[in-house]
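K.L.:
After the sequence you'll find the predicted model.
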Amino acid sequence: MKFSAQTTTSDIAMLREAISSSCDKVRFGSEFCEWKIPSLTELEKAYALVKDGEKDFAYVTPRVSDSSVKKLVKQLDFLNREGKIPVVINDLGVLNVLGRYPNLIPYLGRQLVHAPARCPWLKRGIKDALFEKVQGIEKVYSKTSLNYGPTIRFFQEHGVRGVDLDWIPRCFPYYGFLVKAGLNLSVHLQLVPVTLTRKCHTGRFLGEIAPETCSKPCNIQAFRLRNERLELEFFLHENAVFRFTEPSRKDIEELPRNDIGEFVITMSPITRIRTQEKIDELILHMKSLIS
């Protein structure tokens, strides 16, 4: 079982912490915010540091505008010259561009994988509406969009060889289908994206005027959002809302763990994982649950 550490910032100090940990791969780049796409210089430096640290490297990209696609093209040119490198994409336009680069391996990001079970009200809603008594409804709500043949074929015809998935125990029984279809699976620990905000609410709440000049306060801050009546808790970070999940041994019993290529650990203000020690603690914890 392999583990990846994923950064949410181009902070070199945090990147060095990931490299010095016991993880097998370092994922560098912005998964959700196009304004945090690193510069070409930052990417070149990060790639060199990861390779010097003898770790595998993957580049993570968000959903983007046309102007950001132009910025990414220069970065993809660089990565393609370096050899076979996975690129996590969350935008169909970027997937189309990747077709020009034979050395870059597309991985489908979580924003392009629809999973109804991400809904924070689902468990309560199913019980309240008695959906569990309706044959097949819970099964439908637990599958991803890739559990539909034409969808998975569409992405594979465009070169996709892997997919990022969430730690949603309700969905675990259906992840095996994706493996049988030929996809490599990467499962994110702890943070499950619930929804994306239309604009960056984190920046708005913290007084940022324009995304182009944003000081990126999300590198060190996140917001806790609580609904006392429904007993729900979420976290706002960058332009996404997450719920936090803690992996348990019971959950892992449902996970086709022999089919999982990697577990992804996110370094962020929500997980409070910023150091080598914290990454190694979670890796050891996961290994103890799996054994």
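P.N.:
Received it, and whenever you're ready, just let me know what you need. Just so you know, these numbers come straight off a predicted model, no measurement behind them.
K.L.:
Summarise which helices and strands the longest strand anywhere in the chain is packed against.
P.N.:
Secondary structure assigned by DSSP state E gives strand 260-267 as the longest strand of the chain. Helices and strands touching strand 260-267, as assessed by 3 or more Cβ pairs under 8 Å, 6 or more residues apart in numbering; DSSP states H and E, comprise strand 2-7, helix 12-20, strand 184-188, helix 276-290. All C-beta atoms are positioned from the backbone trio N, CA, C, and that covers glycine.
K.L.:
could you give the mean pLDDT of that strand?
P.N.:
This predicted structure assigns strand 260-267 an average pLDDT of 94.
K.L.:
and it with helix 12-20, angle?
P.N.:
Here strand 260-267 runs at an angle of 150 degrees relative to helix 12-20 (axes from the mean of the first three to the mean of the last three Cα atoms, to 10 degrees).
K.L.:
List the buried residues in strand 260-267.
P.N.:
260, 261, 262, 263, 264, 265, 266, 267 (16 or more other Cβ atoms under 10 Å).
K.L.:
can you pull the buried residues of stretch 54-62?
P.N.:
In stretch 54-62, the ones that count as buried by 16+ other Cβ under 10 Å are 55, 56, 57, 58, 59, 60, 61, 62.
K.L.:
Next up, the contacts around residue 72.
P.N.:
For residue 72, the contact set (Cβ atoms under 8 Å, 6 or more residues apart in numbering) comprises 37, 61, 64, 94, 97.
K.L.:
okay if I get the residues you listed as TSV plus pLDDT, secondary structure and distance to residue 157?
P.N.:
TSV is the format used below for the contacts of residue 72 (pLDDT from 0 to 100; DSSP: H, G, I helix; E, B strand; the rest coil; distance: Cβ to Cβ, whole Å):
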residue	pLDDT	secondary structure	distance to residue 157
37	94	coil	27
61	96	coil	20
64	92	coil	22
94	96	helix	16
97	96	helix	16
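K.L.:
And the residue nearest to residue 216 when sequence neighbours are not counted, how far from residue 88?
P.N.:
In space, and not counting its chain neighbours, residue 216 is closest to residue 36: 6.3 Å by Cβ to Cβ, 6 or more residues apart in numbering. According to Cβ to Cβ, to the nearest Å, residue 36 and residue 88 sit 14 Å apart.
K.L.:
So for the two, which sits in the more crowded spot?
P.N.:
Neighbours were counted for residue 36 and for residue 88 using other Cβ atoms under 10 Å; residue 88 has more, 27 against 20.
K.L.:
Strands of the chain, residue ranges please.
P.N.:
Using DSSP E, strands in the chain cover 2-7, 25-29, 56-60, 85-89, 104-108, 162-165, 184-188, 191-196, 223-227, 232-237, 240-244, 260-267.
K.L.:
low-scoring pLDDT stretches of the protein, where are they?
P.N.:
Low-confidence segments of the chain (pLDDT under 70): 120-136, 257.
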